[in-house]
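Asks: Provided below for reference: sequence and predicted model.
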There are 2 protein chains.
Amino acid sequence: MSKQNPFDQKKKAILEEINSLEPDLSPKGTIDQLCLPIMHLINSHKDMVTTSSCSGRISVFVEGEKLINREEAKSGGKGLGGRWLFVTHEQDKVLNWLDKISDTEQIQFLPADDTTNEFDNSVRYVLYKYEPFILHVKCRDFQMASKLLNVAMSCGFRESGIGSNNIVAIRINIKLDVPIGFINTKNNNTLTFFVSKQYINNILNKLTLSKFIENKKKMNELYATIDKEIISSLNVQSESKETKEERRERKRREGLERQRQLRNKMSDKNA
Amino acid sequence: MSKQNPFDQKKKAILEEINSLEPDLSPKGTIDQLCLPIMHLINSHKDMVTTSSCSGRISVFVEGEKLINREEAKSGGKGLGGRWLFVTHEQDKVLNWLDKISDTEQIQFLPADDTTNEFDNSVRYVLYKYEPFILHVKCRDFQMASKLLNVAMSCGFRESGIGSNNIVAIRINIKLDVPIGFINTKNNNTLTFFVSKQYINNILNKLTLSKFIENKKKMNELYATIDKEIISSLNVQSESKETKEERRERKRREGLERQRQLRNKMSDKNA
């Protein structure tokens, strides 16, 4: 293996980067902790390498200024001066995002029957989103990409697809996308919610937690199916064909998987 | 062309079905009117055929009974007894969905500061969704699928991908996914909204209209780019290679495109 083909070169570079960004598995690392088991699993296969990932997250976002041209006005775009009020990938931080925002922002709640505010095309909305797990995997060839796609689809990741360069995007439709407020230009540009505190605490946050749980469950299902359909069957056939890096990845993965199972057992006991 | 290959056979069968379902372009036809121009455009190419489409829609949905097992409880699933309260693909019908539902359902609005209701895992939510245009296109080979995918991605249809059998799914992320109410088991299972009438009329419906507009704009952009990058350049090169069916499709498309441009001009004048 002294002369590597382009896929192997790329894979080696990516693995080095992943490992360097992962000094202690701390939540502050760039890669979401929850993604690591499935990333290590996939990277233990000689024909696949993960290129980007997100384990799922909530975000609260203020739209930027909209273009004045009516034709170009659109909602949801970043626009000029759009900004994140809050982002987290951690389930534990879902319940207190409103408190967190209140630390730095002036917040008002509109009465439910407010009719004094006009919501025309220029209004800058505040949007609350839950976005699920997404993973991109570069495959050595189209055959590998097809196999991975089929496995992902079979687990319910129905929005998956193969893109250019045999990169498989693994996607699922577990979402929330809720307009919760606006920038009140009549009142000093105050961040103003048109949903109630009760709605946020009793509905949105609880539903978000159920999305996190559903998302995690689907990630586990995907892990198990990739392991069964692609990795384990391969290891039996051709373990000796592993490169040194792949062997290291596999060992790391097997260790992490044991830890994960242990953690799951412990949290089951605590539940 | 007396003996057709499987792709050509399949394409012919699909085109016959499309045309038979489209007696007068009425809105009640199974295929969404807004999809027809782009479908005809794509079907005029000898290596592509559309297999399913949705032009974009809103839906209001009551979740079914949830599974009692906490592990399996999830939100958003259909479950037992889930049902649609309202679905439309038509922009004109967005503003009066609440009236429409009120004709057949008993509806209540919760006070914004309600704290008497518990929202646990068993609650059946009412969800309001906007889902954008989606189109599936079967291509003769991977080369054609890749080309179509690249064109779609270049127009912002970033969630597109190639699936099995060279079927390209063309998708974009223009969504709303909002929990708006629940089935109140303490009050005779009444359909109960925890967002206000003002929120529905002033926020949700207006934002939905802007989604319809954005979606239509992106569909037009996709139409123009497919036409420019794939269809027109091909017609110049190899018009003579068209089959009879493809020529008919192209002629139909060109006629429809002229109608569309005329309509657009007229609606611009009226705006």
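Replies: Received, thanks.

Asks: list, one by one, the residues from the stretch 51-200 of chain A near chain B.
Replies: By the rule C-beta under 8 Å from any C-beta of the partner chain, the part of the stretch 51-200 of chain A lying against chain B is A:71, A:73-76, A:111-115, A:117, A:119, A:121, A:125, A:142, A:146, A:149-150, A:153, A:159-164, A:169, A:171, A:174-179, A:194-199. In short, each C-beta sits where N, CA and C put it, glycine included.

Asks: mind listing which of these are in helices?
Replies: Judged by DSSP state H, helices contain the following of these: A:Phe142, A:Ser146, A:Leu149, A:Asn150, A:Met153, A:Lys197, A:Gln198.

Asks: pull out the buried residues from stretch A:220-232.
Replies: Under the neighbour-count criterion of 16 or more other C-beta atoms under 10 Å in any protein chain shown, stretch A:220-232 has A:Leu222, A:Tyr223, A:Ile226, A:Asp227, A:Glu229, A:Ile230, A:Ile231 buried.

Asks: surely the second one touches A:His40?
Replies: When you say that, I think you mean A:Tyr223. No. Assessed by C-beta atoms under 8 Å, A:Tyr223 is found out of contact with A:His40, at 10.0 Å.

Asks: list the buried ones in stretch A:167-185?
Replies: For stretch A:167-185, by 16+ other C-beta under 10 Å, it's A:167-172, A:174-184.

Asks: before we move on, the earlier item: could I get the buried residues of stretch A:220-232 as JSON lines with distance to A:Gly255, pLDDT and secondary structure?
Replies: Supplementary listing: the buried residues of stretch A:220-232 in JSON lines, determined by distance: C-beta to C-beta, whole Å; pLDDT from 0 to 100; DSSP: H, G, I helix; E, B strand; the rest coil:
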{"residue": "A:Leu222", "distance to A:Gly255": "20", "pLDDT": "98", "secondary structure": "helix"}
{"residue": "A:Tyr223", "distance to A:Gly255": "15", "pLDDT": "98", "secondary structure": "helix"}
{"residue": "A:Ile226", "distance to A:Gly255": "18", "pLDDT": "98", "secondary structure": "helix"}
{"residue": "A:Asp227", "distance to A:Gly255": "15", "pLDDT": "97", "secondary structure": "helix"}
{"residue": "A:Glu229", "distance to A:Gly255": "22", "pLDDT": "96", "secondary structure": "helix"}
{"residue": "A:Ile230", "distance to A:Gly255": "20", "pLDDT": "96", "secondary structure": "helix"}
{"residue": "A:Ile231", "distance to A:Gly255": "15", "pLDDT": "94", "secondary structure": "helix"}
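
Asks: closest to B:Ile31 among those residues?
Replies: A:Leu222 (33.8 Å; C-beta to C-beta).

Asks: who's in contact with the closest one?
Replies: By C-beta atoms under 8 Å, 6 or more residues apart in numbering or on different chains, the contact list for A:Leu222 reads A:Ile38, A:Val151, A:Ala152, A:Cys155, A:Phe157, A:Ile170.

Asks: contact partners of the helix or strand where A:Gln108 lies?
Replies: Applying DSSP states H and E as the criterion places A:Gln108 in strand A:107-109. Contacts of strand A:107-109 with the rest of the structure, by C-beta under 8 Å, 6+ apart, involve A:Ile101, A:Asn184, A:Asn187, A:Thr190, A:Leu191, A:Thr192, A:Phe193, A:Ser196, A:Lys197.

Asks: out of the residues of the stretch 51-200 of chain A next to chain B, which end up buried?
Replies: Using 16+ other C-beta under 10 Å, the buried ones in those are A:73-76, A:112, A:117, A:119, A:125, A:146, A:149, A:153, A:159-163, A:169, A:171, A:174-179, A:194-196, A:198-199.

Asks: so A:Asn184 is in contact with A:Thr190, correct?
Replies: Yes. Look at A:Asn184 against A:Thr190 with C-beta under 8 Å: they come within range, at 4.9 Å.

Asks: contacting residues for the residue in the stretch 101-250 of chain A that chain B sits nearest to?
Replies: Closest residue of the stretch 101-250 of chain A to chain B, C-beta to the nearest C-beta: A:Gly161 (1.3 Å). By C-beta under 8 Å, 6+ apart, the contact set of A:Gly161 is A:Leu149, A:Val168, A:Ala169, A:Arg171, B:Glu159, B:Ser160, B:Gly161, B:Ile162, B:Gly163, B:Ala169.

Asks: equivalent analysis for A:Tyr199, please.
Replies: Neighbour list for A:Tyr199: B:Ala112, B:Phe194, B:Val195 [criterion: C-beta under 8 Å, 6+ apart].

Asks: at 6 Å instead, please
Replies: The contact partners of A:Tyr199, taken as C-beta atoms under 6 Å, 6 or more residues apart in numbering or on different chains, are B:Phe194.

Asks: A:Asp32 now?
Replies: With contact set as C-beta under 6 Å, 6+ apart, A:Asp32 has these partners: A:Ser55, A:His89.

Asks: please tell me how far it sits from chain B.
Replies: In this structure, A:Asp32 and chain B are 20 Å apart, going by C-beta to the nearest C-beta, to the nearest Å.

Asks: let me know the pLDDT of the closest residue in space to A:Pro132 that isn't next to it in sequence.
Replies: In space, and not counting its chain neighbours, A:Pro132 is closest to A:Ile174: 4.1 Å by C-beta to C-beta, 6 or more residues apart in numbering or on different chains. Note for A:Ile174: predicted pLDDT of 96.

Asks: please apply the same query to A:Leu135.
Replies: 97.

Asks: confirm that it sits in a strand.
Replies: Yes. Assessed with DSSP: H, G, I helix; E, B strand; the rest coil, A:Leu135 lies in a strand.

Asks: right, I'll leave it there.
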